[in-house]
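Visitor: What shape does this take:
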Amino acid sequence: MTGIITAMTCEAEAVIKRLSDPRSNRIGNVEYTRGKLGNTEVVVAVCGVGKVFAGACTQTMIVDFGCSHIFNIGCAGSLSEKLDIKSIISATACVQHDMDTSSVGDPVGLISGINVIELGCDEKFNADFAEFLAAKGETLVTGIIATGDRFIKSEEDRSYISRTFGAVAGEMESAAVGQLCYANNVPYNAIRIITDKAGAASNDEYCCNLPECAVKLAELFIEYICTLS
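Guide: Down below sits the predicted model:
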């Protein structure tokens, strides 16, 4: 079973509409919809915004649905000149930019208990997805995605996160998905499409670009999954 997690309904509805034999059940405050994309059995959930919701949803997918690979798809803000509006990024690793126990001597971003900063993503998927997108005339950028419980909307924050972690995009869920997958030894990937530049105009950019970007990424991801045997 493959898990697909989004934060918002607009990021998931195109995927859910394409499922064959869909069936849903609610666990906690989240509805999980099972079905097939091509020959691949999947379960799709809208977890809600932020790290806690994303982590709880990930654990449910692993324990209750037996997911062997989890994808977190959705939107992000650009932290790099390599990523413009509508660019697609797949993370090489995710970090939690708001995790900070440096006052007791830890590096900024270290996740206590598992003692890592970067939560690595599945490399084979990144290579395969890049090849798939290239055939569609799209370019996949890979790099570090930074996650935190804060919408990035200032040049100061944008510069700090990029400089500290080498991150090229920022959002609010992927590293939480990564942390739970790491703890359960389950591979994961975070695929995002850029809606804004994470600067002073990010609110307006995000609201303007979200509907089109969410559908574009979902449709490309669906098409990729349907190519799998």
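
Visitor: Give the residue spans of the protein that score low on pLDDT.
Guide: 229 (pLDDT under 70).

Visitor: 90 instead, please
Guide: Residue ranges of the chain with pLDDT under 90: 82, 199-200, 229.

Visitor: Please report phi then psi for Gly143.
Guide: For Gly143, the backbone dihedrals are phi 170, psi -170 (criterion: degrees, to the nearest 10).

Visitor: Check Asn189 too.
Guide: According to degrees, to the nearest 10, Asn189 has phi -140, psi 150.

Visitor: Tell me which residues touch it, please.
Guide: By C-beta atoms under 8 Å, 6 or more residues apart in numbering, the contact list for Asn189 reads His69, Ile70, Phe71, Asn72, Ser90, Ala91, Cys121, Asp122, Phe125, Asn126, Phe129. All C-beta spots, glycine's among them, are computed from the backbone N, C-alpha and C.

Visitor: one more time with 10 Å, if that's ok
Guide: Taking C-beta atoms under 10 Å, 6 or more residues apart in numbering, we find Asn189 in contact with 69-73, 90-92, 94, 121-126, 129, 174, 177-178, 181.

Visitor: Now do the longest helix along the chain: which elements does it pack against?
Guide: Across the chain, the longest stretch assigned as helix under DSSP state H is helix 202-226. Counting contacts by 3 or more C-beta pairs under 10 Å, 6 or more residues apart in numbering; DSSP states H and E, helix 202-226 packs against strand 2-6, helix 9-17, strand 30-37, strand 40-46, strand 69-78, strand 88-96, helix 123-135, strand 188-196.
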